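Peer 1: Got a predicted model here, sequence first, then my questions.
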Amino acid sequence: MEQTFKPWRLDEMPAWVKGIGLVVTYANPDLDVGILDKLAEQVDPEKTLLYLNKWRRDGYDVNYLDYTAKLEFGRFVEAAHQHGFRVMAHVNLVGVSPYHPLYAEFQKFQYRDPWTGKLRGWFWDQMQAPNRHALINLANSRFRNLLIQQLKNVWEKYKVDAFHLDVSHLVVNDANGLIEGLNAGQGNVLMHRELVEAMPSVVFSGEHLHEVTFFRESFAQRWKLPPQQFEPTPRGPQQPRGTPHPISAFLFSPYTVPYGYLALPNPDRGTKLYQEYLNAYEHWGVLPTLSVWSVEDLDPERARTHELLSIARTWQQLGLKPDFETDWEPETLFQYVGQGGEIATLSAIDGGAIFELPKDGAGYERVFGVTQVKTSRSLPHWRAYNETKILGLHPEKSYFFK
């Protein structure tokens, strides 16, 4: 893999990349700088990456290839940098809106289904959807050059630290055939190389991760597994069709840091869906990721959010990284090593997981979907318990024990 793709290792990237211990997805189009002061009180800004997906003048997924920024974007980036935060802007690697003037030129390079020949796009069958856009084959050099110039203009004007390349994972068996002698995968690889050549100090993130994209993406969003479906086996109980496994982290961790997908909800706003993501993320070494909409999301009563911020502070203080050098116990979901050599483990328990640090038994347990849990840890102000269990939990709420 290294011989073929010559990937950039994380230790070859700007020093700040390896230090990131938290990604904050800020989804509010108002770009209120007030949230920066509040966030800086909770975490180490220099080890926090701010991911902005609504920084453009146009709405989310609207009017691609136009990457004109909002008027307040420059002020927000400047204020973030004054605190020490790193800033990453969301862009679409393959999208062109059908009402954009350049769509007529690029329509002939739009992906086509290999069986039906139909054009492919996001919400393509919903003619009135404002975020409907075509998916363009990156083998076309004219499209690559235009998009790269757009992003370079943003970088030079606003000094962003990184770009997230949405839909970067897309590699299609295109019914158009070869374009300029390249297939879709080769075009994708070439696009990543040309982006780096045009902006050598910029860091890139991608959506999902595979061997075509990892070699120039220092960060990558991970999807959650779909809800588990079970299929019968010749003998014995039914088995789940898909189970998360850390093999992808083993393969890609020297090059790419995984973090939470854009659809990951705030833990207080979408508790159940947030826990579904954690059920996969705890197997993959995914970086703590917090989605916030407003300053109110950081208020003291947002218990789940502050639990996540507490976890993120541990990541930032210890510099936790995936550990594949030390033996794992059979029940271990994932294992980390700190910059001081501390070993931290995530292990499975009924209804959740336990995170343990060797020093003073530090860490936490989390559960969801259960009414009781056997634990030696405590839940502040909880009165329903016996010698071994905490009782009376609500199955639709998540709990962290310390």
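Peer 2: Good, I have the coordinates. Residues are numbered from 1 along each chain as shown.
Peer 1: okay, the longest helix along the chain in CSV with CA atoms only?
Peer 2: Criterion DSSP state H: the longest helix present in the chain is helix 141-158. What follows is helix 141-158, C-alpha atoms only, in CSV (Å, rounded to 0.1, in the frame of the first residue of the first chain):
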residue,chain,number,x,y,z
SER,A,141,-9.1,18.1,-15.9
ARG,A,142,-11.2,21.3,-16.6
PHE,A,143,-13.4,20.5,-13.6
ARG,A,144,-10.4,19.7,-11.4
ASN,A,145,-8.7,23.0,-12.3
LEU,A,146,-11.8,25.1,-11.7
LEU,A,147,-12.5,23.6,-8.3
ILE,A,148,-8.9,23.8,-7.1
GLN,A,149,-8.7,27.5,-8.1
GLN,A,150,-11.9,28.2,-6.2
LEU,A,151,-10.5,26.5,-3.0
LYS,A,152,-7.1,28.2,-3.5
ASN,A,153,-8.8,31.6,-3.6
VAL,A,154,-10.6,30.8,-0.2
TRP,A,155,-7.3,29.6,1.3
GLU,A,156,-5.3,32.6,0.2
LYS,A,157,-8.0,35.1,1.4
TYR,A,158,-9.1,33.6,4.7
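Peer 1: which parts of it are buried?
Peer 2: By 16 or more other C-beta atoms under 10 Å, the buried positions in helix 141-158 come out as 143-144, 146-148, 150-151, 154-155, 158. The C-beta positions use only the backbone N, C-alpha and C, and glycine is treated the same way.
Peer 1: Any idea how far it is from the middle of the chain?
Peer 2: 23 Å (C-alpha atoms, centre = their mean, to the nearest Å).
Peer 1: which residues touch Glu282?
Peer 2: Shown in contact with Glu282 (C-beta atoms under 8 Å, 6 or more residues apart in numbering): 333-334, 346, 353.
Peer 1: out of those, which are inside strands?
Peer 2: Of the contacts of Glu282, the ones assigned to strands by DSSP state E are 333-334, 346, 353.
Peer 1: how close does the residue lying closest to Val189 once chain neighbours are set aside sit to Val91?
Peer 2: Using C-beta to C-beta, 6 or more residues apart in numbering and skipping residues adjacent in sequence, the residue nearest Val189 is Val212, 6.0 Å away. Per C-beta to C-beta, to the nearest Å, Val212 is found 18 Å from Val91.
Peer 1: Please identify which of these two sits among more neighbours.
Peer 2: The residue with more neighbours, out of Val212 and Val91, is Val91; 23 against 19, by other C-beta atoms under 10 Å.
Peer 1: helix/strand/coil for the more buried one?
Peer 2: Per DSSP: H, G, I helix; E, B strand; the rest coil, the local secondary structure of Val91 is strand.
Peer 1: all strands of the stretch 251-400 of the chain, in order?
Peer 2: Taking DSSP state E, counting those that start in this stretch, the strands of the stretch 251-400 of the chain run over residues 257-260, 289-292, 321-322, 332-337, 343-349, 352-356, 363-368, 373-374, 389-390, 398-401.
Peer 1: Next: the stretch 1-150 of the chain.
Peer 2: Ranges of strands in the stretch 1-150 of the chain, per DSSP E, counting those that start in this stretch, are 22-26, 48-52, 86-92, 95-96, 121-122, 133-135.
Peer 1: just so I know, which of those lies nearest Glu329?
Peer 2: Closest approach to Glu329 among these (C-beta to C-beta): strand 22-26, 27.0 Å.
Peer 1: could you give the angle of that closest one to strand 48-52?
Peer 2: Following axes from the mean of the first three to the mean of the last three C-alpha atoms, to 10 degrees, one obtains 20 degrees for the angle between strand 22-26 and strand 48-52.
Peer 1: Sheet partners, orientation included, of strand 22-26?
Peer 2: Sheet pairing of strand 22-26 (DSSP bridges) gives strand 48-52 (parallel), strand 289-292 (parallel).
Peer 1: that older thread, I'd like to know which of the strands of the stretch 251-400 of the chain is closest to Phe5.
Peer 2: Closest to Phe5 of those, according to C-beta to C-beta: strand 257-260, at 17.4 Å.
Peer 1: ok, and for that closest one, which residues are buried?
Peer 2: Here strand 257-260 shows 257-260 as buried, counting by 16+ other C-beta under 10 Å.
Peer 1: which other helices and strands contact it?
Peer 2: Identification of packing neighbours for strand 257-260 by 3 or more C-beta pairs under 8 Å, 6 or more residues apart in numbering; DSSP states H and E yields strand 22-26, strand 219-222, helix 271-284, strand 289-292.
Peer 1: If we use 6 Å, what do you get?
Peer 2: strand 219-222 (3 or more C-beta pairs under 6 Å, 6 or more residues apart in numbering; DSSP states H and E).
Peer 1: packing partners for the strand it packs on?
Peer 2: Against strand 219-222 (3+ C-beta pairs under 6 Å, 6+ apart) you get strand 203-207, strand 257-260.
Peer 1: Tell me the strands beside the shortest one, with direction?
Peer 2: Read it as strand 257-260. Here, using DSSP bridges, strand 257-260 pairs with strand 219-222 (parallel).
Peer 1: Quick one: distance of the strand it pairs with to the chain centre.
Peer 2: Distance, centroid of strand 219-222 to centroid of chain: 4 Å (C-alpha atoms, centre = their mean).
Peer 1: can you list contacts of that strand?
Peer 2: 205-207, 209, 256-259, 261, 286 (C-beta atoms under 6 Å, 6 or more residues apart in numbering).
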